[in-house]
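# here is my input, please return the structure:
(one chain, ligands or ions: 1)
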Amino acid sequence: MRIVVLAGGIGGARFLRGLLAAAPEAEITVIGNTGDDIHLFGLKVCPDLDTVMYTLGGGIHEEQGWGRADETFTVKEELAAYGVGPEWFGLGDRDFATHIVRTQMLAAGYPLSAVTEALCARWKPGVRLIPMSDDRVETHVLVETDGERKAIHFQEYWVRLRAAVPAHAVVPVGAEAAKPAPGVLEAIAAADVIVFPPSNPVVSIGTILAVPGVREAIAEAGVPVVGLSPIVGDAPVRGMADKVLAAVGVESTAAAVAAHYGSGLLDGWLVDTVDEGAVPQIEAAGIRCRAIPLLMTDLDATTRMAREALALAEEVRA
Ligand code: FO1
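Numbers count the residues shown, from 1 in each chain. Next up is the predicted model:
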């Protein structure tokens with residue numbers, strides 16, 4: 001079975017662990033969000049690609065869900081000693097090596113997709129990880145601070161400001177001119193099932209869908225598209241998805257996110273048991289819906305969620 005997963009950061013990566021356990025024979029292609037990418041200290045950092053690679057490759061810092069385990073921050077301290085910032089983005093010494101190799105390969109002319117493949121040759125994530133595009137796309141957020149509105153990089157909004165100020169707009173800069181990376185459209189066309197994991201529907205999955213051709217390819221793939229709600233009981237399980245949902249005018253509910261993707265794209269939607277009451281309205285919108293436990297507390301939980309998603313896909317296919 002060929003499964004395509006559109007993944008962002010922590011939620012997507014954790015779900016993928018369960019999917020690999022639930023479908024060990026499957027050929028899984030992950031289309032990774034690159035809108036979170038940031039250029040720092042002359043290096044290109046790809047947080048969502050690295051989170052998938054490290055999580056499935058066994059190098060992730062478990063509690064954080066990002067960055068490497070057993071990290072040290074000597075380089076960061078030395079940069080700070082030179083007064084070279086930003087200090088608010090925690091890049092560790094081991095992580096720097098990934099960004100140095102990536103930036104070196106990009107400078108040598110390799111596209112991001114080839115670089116990602118090379119980095120994954122070390123980490124062996126057990127999935128094929130393809131960036132959504134080889135072209136530069138960076139999510140910027142329109143915020144209002146000290147009475148003035150300005151667009152800041154997503155990472156500054158997310159990490160430095162902790163999403164503590166209202167987001168008035170979220171813009172994947174460059175998306176309209178970006179092309180799907182080699183292999184993205186082919187993987188979607190060859191998929192037996194397409195999954196939207198509990199990643200951020202705006203800045204992760206939304207950004208991937210903003211790359212021209214991707215949304216259409218998924219809608220026309222003619223195979224079940226099944227998603228899992230990142231919102232449980234009107235609040236995001238982790239992160240601050242509700243802040244960016246508000247920016248695009250979407251309520252923080254499991255039903256609103258399903259409607260946001262739309263029945264033209266989504267065939268099935270898993271909500272948590274606390275949102276059981278939303279099942280009828282979601283089904284009325286033409287999206288098959290089931291309520292199951294959606295908290296990714298451990299591998300057993302995520303494996304069960306993945307099994308349920310695949311089962312819902314078969315129910316939809318029938
Ligand atoms: N998130 C934080 O909350 N604080 C950090 O200092 C931080 C550093 C960081 C470094 C590398 C990396 O790949 C991710 C990092 N993240 C950090 C997480 C990052 O903001 C998120 O993973 C995504 O961009 C949102 O999913």
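# hang on, residue 130 packs against residue 28?
No: using Cβ atoms under 8 Å, residue 130 is not in contact with residue 28; the gap is 11.3 Å. Every C-beta, even on glycine, is put in place using the N, C-alpha and C of the backbone.
# neighbour count: these two, which is higher?
Legend: neighbour count by other Cβ atoms under 10 Å for residue 130 and residue 28, higher for residue 130 (25 against 22).
# where does the more buried one land on pLDDT?
What the model reports for residue 130 is a pLDDT of 98.
# wait, is it part of a strand?
Yes: according to DSSP: H, G, I helix; E, B strand; the rest coil, residue 130 belongs to a strand.
# what are the bridge partners for it, then?
residue 31 (DSSP bridges).
# ok, now which ones touch it?
By Cβ atoms under 8 Å, 6 or more residues apart in numbering, the residues touching residue 130 are 29, 30, 31, 32, 113, 116, 181, 182, 183, 184, 187.
# burial of the second one, as a residue count?
Yep, that's residue 30 we're talking about. 28.
# just checking, it touches residue 127?
Yes: assessed by Cβ under 8 Å, residue 30 is found in contact with residue 127 at 4.9 Å.
# picking up where we left off before, give the PyMOL command for selecting the buried subset of the contacts of residue 130.
Selection of buried members from those for PyMOL, criterion 16 or more other Cβ atoms under 10 Å:
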select buried, resi 29+30+31+32+113+116+181+183+184+187
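# which of the contacts of residue 130 fall within strands?
Among the contacts of residue 130, the members found in strands (DSSP state E) are 29, 30, 31, 32.
# ok, now which ones touch the residue in the chain that the ligand sits nearest to?
Per Cβ to the nearest ligand atom, residue 9 is where the chain lies closest to the ligand, at 2.7 Å. By Cβ under 8 Å, 6+ apart, residue 9 lies in contact with 33, 36, 47, 48, 51, 52, 65, 66, 199, 200, 204.
# C-terminal to the one helix or strand the fifth one maps to, which secondary structure element comes first?
Spelled out, that is residue 51. Using DSSP states H and E, residue 51 falls within helix 47-57. Using DSSP H and E, the helix or strand that follows helix 47-57 in sequence is helix 74-81.
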